[in-house]
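[1] A structural model of the following input is requested.
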Amino acid sequence: MAGKRIAQSRGFFFTVMALAMLMLMLLSVQVWVRTFEQQDSRATQKFKGEAMRLSLSTLSDSTLSKFANASAFYATYKLVNFTSQPGKALFPISTSDTGNPSTERVPQVIKELMLNGSSIPIEGDPSSITYSDEEKDSYALSSWLDKIAAAAEVMGLNASFSSQKNFSFRQVSAWDLNVQFEVEMNISDREGTMRQNKVLKANATFPIDGFLDPLIRRSDAVQRCNSGSSCINFSERQFFRNVKYDGPDDLEPDQLILEGRVTEGYGWFYGPVVDEYPTNFSADEIASLSQYMLVHEYDESMTIFADSYGAVIMTNKPEEISYIYTPPGSSEGCEYNVTQQVKCLNCYVRYTPLTAGCPGIAEQRYNNVTKPYMAIDGTDWLSGVKNVDLANVSDFKYVLMDNEFLNPADIRVPGAYHRIWDMTALRDATICGFYVKSEKGPSFFQRMVQQGADTLTSPAFGLETFVIGRWAGGADDKDDGHPDFSRLDHEFYNREGVRDDSLFPRIMGMPGCKSYEMCSNDPNVTELGVGIFRVSDDAAGRYGMDGIRCTSEHCG
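    You can find the predicted model right below:
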């Protein structure tokens, strides 16, 4: 019996222990489940928090600025092309921006295009630009923010944005535009248990290089239509610059220092310098010499070819020899002291009687040439002339040779000036169409605005360029007045000019005015070529052209 009781006690003990262990296990599971639920809740909250932080970190000032740069650039492109059309210039509205008078409408339109992809017409200015759906999707701020909100929704978040604040679109220099604005972003989870916000600031600057000049294209179209020419093909000019040419001072022709080295000369001519004679004597090669300036010391070949070139600079001083001369058959026994130039062109032979009562003998000339000519000691002056590289030709130097008098008879007038000019910068900027900063020119903004009787100007941001070519006062320009107009762009299209060298001088060495024959109102220059380059008296002074301006006596 005792053994049986012991066995029953042990069975009860094991039963109790089993129940206790089961309860402990159930309690442990319950604790684990609750712990897991709490951990899962914390993980969810942590995920949401990380998602918010990721969204906010991804949308930085830098991100918004990059979009603002693309959006503002495209809006500017659309506005420039729009205002390049006849009748589409913006209405001039005064602005607090003293550097850009009458341009308030420009930032207004840019803002509307950037925000919503369409501009709103106003009274007096019916201009309206509307983006296509594709353009709006790519460049409008409203579409960009919608994409951000959609991306946040995928992550289980709600994103909203305030209206833009402190919007600014302005010129910060003659060549650079800047856009700035602020947007506040609010982001929360769907339950509203978590919320964060951030103010995003856009600040982007981009250059105007490469944009069309709306003033030139629009004005050219209007004048072509008014003159009865084609209104379809308009001349276009893009904004380009050369870092070497900041303003008018950088284009000023350089007068080479030649004091005491020039002994004689007459006439003027502009062209490339060569120091070689033709290698063959074909008619075509000889004819081509007329566009070049021979720079060479005297030799026998010079007397043969001198009149085939456009001009000649002899790089040695003529020498003198003296001897006694008795005329053949002189019954009076007259003798003369003869002074004769040698190693020269247009040389003189002078006779001085040594015997009283002997008749005088007129001065004689030989080695005569008719082309512009100058005698100067040496060639080292050429080292200071800039090189001009042309297609397949390099290291050409171009100069303007200018003497006070045109007639070979005045070759040695005492006190007459003899000058050589390096005009490389001025011609380079003109022919390549580079723009330079100028307080007398309209700014980039002002070129999109209607011009009044007087061209708008911006002392802070003004730009100007020269227009030259068959399309501007040349063979393809049907406006009869254009040949007389200043070739400074805003003066040309404002029809400033008159055939008066004291007010609108022709400029020696510039297109259409490279020689006396070309510049003296030769009708072929306009009817077949680019016309004669002129500028206003004011522009001639600002660009340092006073020393090379034509007068009627000097250029015909």
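
[2] does residue 528 really touch residue 475, like I thought?
    Yes. When contacts are counted by Cβ atoms under 8 Å, residue 528 is listed as touching residue 475 (5.4 Å). (Each C-beta comes from the backbone N, C-alpha and C, glycine too.)

[3] neighbour-wise, which of these two wins?
    residue 475 (16 against 11; other Cβ atoms under 10 Å).

[4] hang on, the more buried one in a strand?
    No. Using DSSP: H, G, I helix; E, B strand; the rest coil, the assignment for residue 475 is coil, not a strand.

[5] list the contacts for it?
    526, 527, 528, 529, 530 (Cβ atoms under 8 Å, 6 or more residues apart in numbering).

[6] Which residue is the nearest non-sequential neighbour of residue 537?
    Spatial nearest neighbour of residue 537, excluding adjacent residues (Cβ to Cβ, 6 or more residues apart in numbering): residue 503 at 5.4 Å.

[7] can I assume that neighbour sits in a strand?
    No. According to three-state DSSP, residue 503 belongs to no strand; its state is coil.

[8] Poorly predicted segments of this structure, please.
    1-58, 126, 191-193, 227-233, 280-281, 331, 389-394, 521-524, 526 (pLDDT under 70).

[9] where along it do the helices fall?
    Under the criterion DSSP state H, helices of the chain are mapped to 2-58, 61-83, 105-116, 133-139, 141-154, 214-226, 283-288, 300-305, 424-432, 489-493, 516-519, 523-527, 537-542, 552-555.

[10] isn't the residue nearest to residue 537 right up against residue 536?
    Yes. The pair residue 503 / residue 536 is scored as a contact, 7.2 Å apart, by Cβ under 8 Å.

[11] what about these two, which has more around it?
    residue 536 (19 against 15).

[12] surely the more buried one meets residue 500?
    No. Using Cβ under 8 Å as the test, residue 536 is too far from residue 500 to be in contact (10.7 Å).

[13] measure residue 556 to residue 130 for me?
    Taking Cβ to Cβ, to the nearest Å as the measure, residue 556 and residue 130 are separated by 56 Å.

[14] Report how many residues lie close to residue 149.
    15.

[15] excluding its backbone neighbours, what's nearest it?
    Counting by Cβ to Cβ, 6+ apart, the residue nearest residue 149 is residue 159, at 4.5 Å.

[16] Could you pull up the contacting residues of that neighbour?
    55, 148, 149, 152, 153, 185, 186, 187.

[17] Can you flag the buried ones in those?
    55, 148, 152, 185, 187 (16 or more other Cβ atoms under 10 Å).

[18] For the closest residue in space to residue 246 that isn't next to it in sequence, give the beta-bridge partners.
    Spatially, and ignoring its direct neighbours in sequence, residue 246 is nearest to residue 437 (6.1 Å; Cβ to Cβ, 6+ apart). Going by DSSP bridges, residue 437 is paired in beta bridges with residue 463.

[19] if I read this right, residue 437 contacts residue 249, doesn't it?
    No. Assessed by Cβ under 8 Å, residue 437 is found out of contact with residue 249, at 10.3 Å.

[20] Which one's more surrounded, the two?
    Shown here are residue 437 and residue 249; by other Cβ under 10 Å, residue 437 has more neighbours (21 against 11).

[21] Distance check, the more buried one against residue 100.
    For residue 437 relative to residue 100 (Cβ to Cβ), the value is 14 Å.

[22] go on, residue 411?
    Counting by Cβ to Cβ - residue 411 and residue 100 are separated by 55 Å.

[23] And these two? Which one has more around it.
    More neighbours surround residue 100 than the other of residue 411 and residue 100, with 24 against 21 (other Cβ under 10 Å).

[24] The more buried one contacts residue 459, doesn't it?
    No. If you go by Cβ under 8 Å, residue 100 and residue 459 don't touch, sitting 10.2 Å apart.

[25] Residue 545 and residue 537: what is the separation?
    Counting by Cβ to Cβ, the separation of residue 545 from residue 537 is 10 Å.

[26] When these two are compared, which one has more neighbours?
    residue 545 (24 against 17).

[27] Can you verify my assumption that the more buried one contacts residue 535?
    Yes. Using Cβ under 8 Å, residue 545 makes contact with residue 535 at a distance of 6.8 Å.

[28] what sits in contact with each of those two?
    505, 507.

[29] intersection of neighbour lists for residue 437 and residue 100?
    Shared contacts of residue 437 and residue 100 (Cβ under 8 Å, 6+ apart): residue 461.

[30] for the residue lying closest to residue 267 once chain neighbours are set aside, phi and psi?
    Nearest residue to residue 267, sequence neighbours excluded (Cβ to Cβ, 6+ apart): residue 372, at 3.0 Å. Dihedral angles of residue 372 (phi, psi; degrees, to the nearest 10) stand at phi -50, psi 140.

[31] For the stretch 351-500 of the chain, which segments count as strands?
    Ranges of strands within the stretch 351-500 of the chain are 364-366, 373-376, 387-390, 393-403, 418-422, 436-437, 463-464, based on DSSP state E, counting those that start in this stretch.

[32] give me the number of residues near residue 444?
    A count of nearby residues for residue 444, using other Cβ under 10 Å, gives 28.

[33] so it touches residue 462, yeah?
    No. Counting by Cβ under 8 Å, residue 444 does not reach residue 462; the two are 9.4 Å apart.

[34] any common contacting residues for the two?
    Shared contacts of residue 444 and residue 462, counting by Cβ under 8 Å, 6+ apart, come down to residue 174.

[35] on that earlier part again, distance to residue 241 for the strands of the stretch 351-500 of the chain - can I get that in JSON lines?
    Formatted as JSON lines, the strands of the stretch 351-500 of the chain follow (distance: least, Cβ to Cβ, whole Å):
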{"stretch": "strand 364-366", "distance to residue 241": "51"}
{"stretch": "strand 373-376", "distance to residue 241": "35"}
{"stretch": "strand 387-390", "distance to residue 241": "19"}
{"stretch": "strand 393-403", "distance to residue 241": "22"}
{"stretch": "strand 418-422", "distance to residue 241": "21"}
{"stretch": "strand 436-437", "distance to residue 241": "7"}
{"stretch": "strand 463-464", "distance to residue 241": "9"}
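
[36] what's the closest of those strands to residue 105?
    The closest of the strands of the stretch 351-500 of the chain to residue 105 is strand 463-464. By Cβ to Cβ, the value is 19.2 Å.

[37] helices or strands next to that closest one in the packing?
    strand 436-437 (3 or more Cβ pairs under 8 Å, 6 or more residues apart in numbering; DSSP states H and E).

[38] What helices and strands are in contact with the strand it packs on?
    The contact analysis (3+ Cβ pairs under 8 Å, 6+ apart) places strand 436-437 against strand 463-464.

[39] Give me the contacts around the strand it packs on.
    Here strand 463-464 makes contact (Cβ under 8 Å, 6+ apart) with 174, 239, 435-438, 440-444, 488-490.

[40] For stretch 447-457, measure first residue to last.
    10 Å (Cα to Cα, to the nearest Å).
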